[in-house]
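In: What shape does this take:
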Amino acid sequence: MILVTGATGFLGSELIRQLILKGEQVRAIKRETSVVPKLIKDEKKIEWFTADILDYFALKDAMEGISKVYHCAAFISIDPAYKKKLKNINVEGTINLLNVSMEMNISRFLHVSSVAALGESKKEALITEYDHWEYSSNSSAYSISKYESEMEVFKAAAEGLDAVIVNPSIIIGKNAGNQGSGALFETIRKGLNYYPDGSFGYVDVEDVAKSMILLMDSDISDERFIINAENWTYRDLFSEIAENMGKNPPQIALKPWMIHLAYLGTRISSIFTGKKNSLTKETASSAFKKRNFSNEKIKKTLNLEFKPIKETIRETCRHFQTQ
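Out: Alright, predicted model coming up:
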């Protein structure tokens with residue numbers, strides 16, 4: 001039987017959908033407060049288990065009879081206010097799961113990391129799996145937590161656990177809802193006039209889940225793989241989404257001084273209003289970075305072709321408009 005953590009999340013639910021279609025027996029972990037997404041809500045073949053990955057003994061109970069583990073559970077935020085929560089869930093939770101896996105002789109472990117755990121490339125080349133992360137004063141708490149959790153997986157692999165890691169770029173798809181990458185589609189649907197002068201990588205959630213299953217079923221161990229379909233500038237991405245939403249594309253290029261001034265304004269406002277400052281230094285600086293990722297390793301290893309991002313954008317926008 002296969003165990004999936006983060007089962008009620010955007011990626012976890014798509015992974016379970018594909019595993020069920022493949023005829024696999026799946027046990028899915030959820031917390032007491034989790035809401036099962038519509039995608040898998042009525043699926044009778046899922047064995048649900050209520051547990052928290054910070055509860056070691058609950059994990060032991062959840063992993064009785066399990067042979068393979070997909071670890072999708074994570075907390076995602078680049079707000080430094082969540083530093084402790086990021087450390088607890090992303091690092092300590094992963095350590096718990098790894099320790100239980102080794103104690104119970106799990107045969108295979110796949111860890112979902114992030115491109116946030118990768119380093120910068122040299123001379124604007126595409127970032128690869130071999131660009132190692134280095135700490136800097138600009139490193140977000142999320143990036144640190146994903147890097148540290150990866151190191152724990154590699155440590156466990158060195159001690160004998162058969163493990164592999166995936167590093168997805170920004171995952172998009174029609175079932176994202178209004179959270180995560182779905183929030184961007186919702187913002188543009190409401191109207192957006194600005195775009196930052198940066199770029200990033202994007203991949204369809206179905207391709208991420210497909211890649212994970214193929215890697216799990218392979219004999220590859222102690223390696224990591226970037227899962228990225230295409231790299232887009234924010235201007236092109238925002239314009240493509242706007243066009244599919246029937247909205248005017250953003251016309252005004254944000255300058256660094258503009259977004260930093262906005263950060264200062266929201267910070268001052270939060271002092272007087274008591275409302276949380278949603279714009280952070282990390283989001284302000286990341287908007288102008290050009291981070292483009294190679295997918296050569298995963299494509300060669302799995303003989304994989306990715307779904308075009310334009311197609312995913314079109315599907316996602318159509319889904320938003322019918323809600």
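
In: alpha carbons only for contacts and neighbour counts from here, please
Out: Noted.

In: Tell me how far Ile127 lies from Ala116.
Out: Applying CA to CA, to the nearest Å, the value for Ile127 to Ala116 is 11 Å.

In: same thing with Ile227?
Out: With the distance defined as CA to CA, Ile227 ends up 12 Å from Ala116.

In: With neighbour numbers in mind, choose between these two.
Out: Ile227 (31 against 20; other CA atoms under 10 Å).

In: Could I get the contacting residues of that one?
Out: Ile227 is in contact with 166-169, 203, 208, 211, 295, 298, counting by CA atoms under 8 Å, 6 or more residues apart in numbering.

In: which one of these is nearest Gly182?
Out: Closest to Gly182 out of those is Val203 (13.1 Å), distances taken as CA to CA.

In: Before we move on, what's the pLDDT of that closest one?
Out: Looking at Val203, its pLDDT stands at 97.

In: which residues does it form a beta bridge with?
Out: Ile171 (DSSP bridges).

In: check contacts around it.
Out: Residues in contact with Val203, defined by CA under 8 Å, 6+ apart, are 168-172, 227-230, 306-307, 309.

In: I'd like those written out as TSV, with pLDDT added.
Out: What follows is those, written out as TSV (pLDDT from 0 to 100):
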residue	pLDDT
Pro168	97
Ser169	96
Ile170	94
Ile171	96
Ile172	95
Ile227	98
Asn228	98
Ala229	98
Glu230	98
Phe306	97
Lys307	97
Ile309	97
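
In: most neighbours, which of those residues?
Out: Most neighbours among the contacts of Val203, by other CA under 10 Å: Ile227, with 31 neighbours.

In: any idea where the helices of the stretch 201-323 of the chain begin and end?
Out: Using DSSP state H, counting those that start in this stretch, the helices of the stretch 201-323 of the chain run over 205-216, 234-245, 256-273, 281-286, 296-302, 309-321.

In: can you tell me which of those the model trusts least?
Out: In terms of mean pLDDT, the lowest-scoring of the helices of the stretch 201-323 of the chain is helix 256-273 (a mean of 43).

In: pLDDT averaged over stretch 5-15, what's the number?
Out: Across stretch 5-15, pLDDT averages out at 96.

In: list the buried ones in it?
Out: By 16 or more other CA atoms under 10 Å, the buried positions in stretch 5-15 come out as 5-15.

In: What's the end-to-end length of that stretch?
Out: Its start and end residues considered, stretch 5-15 measures 11 Å (CA to CA).

In: Equivalent analysis for stretch 165-184, please.
Out: End-to-end distance for stretch 165-184, by CA to CA: 27 Å.

In: who's in contact with that stretch?
Out: 10, 39, 110-115, 117, 150, 185-186, 200-206, 208, 212, 222-228, 293, 312-313, 315-317, 319-320.

In: Could I get the full set of strands for the chain?
Out: According to DSSP state E, the chain carries its strands in the segments 2-5, 26-30, 46-50, 68-71, 108-112, 163-168, 170-172, 194-195, 199-204, 224-227, 230-233, 252-253.

In: Show me the one of those that comes nearest Gly246.
Out: strand 194-195 (16.5 Å).
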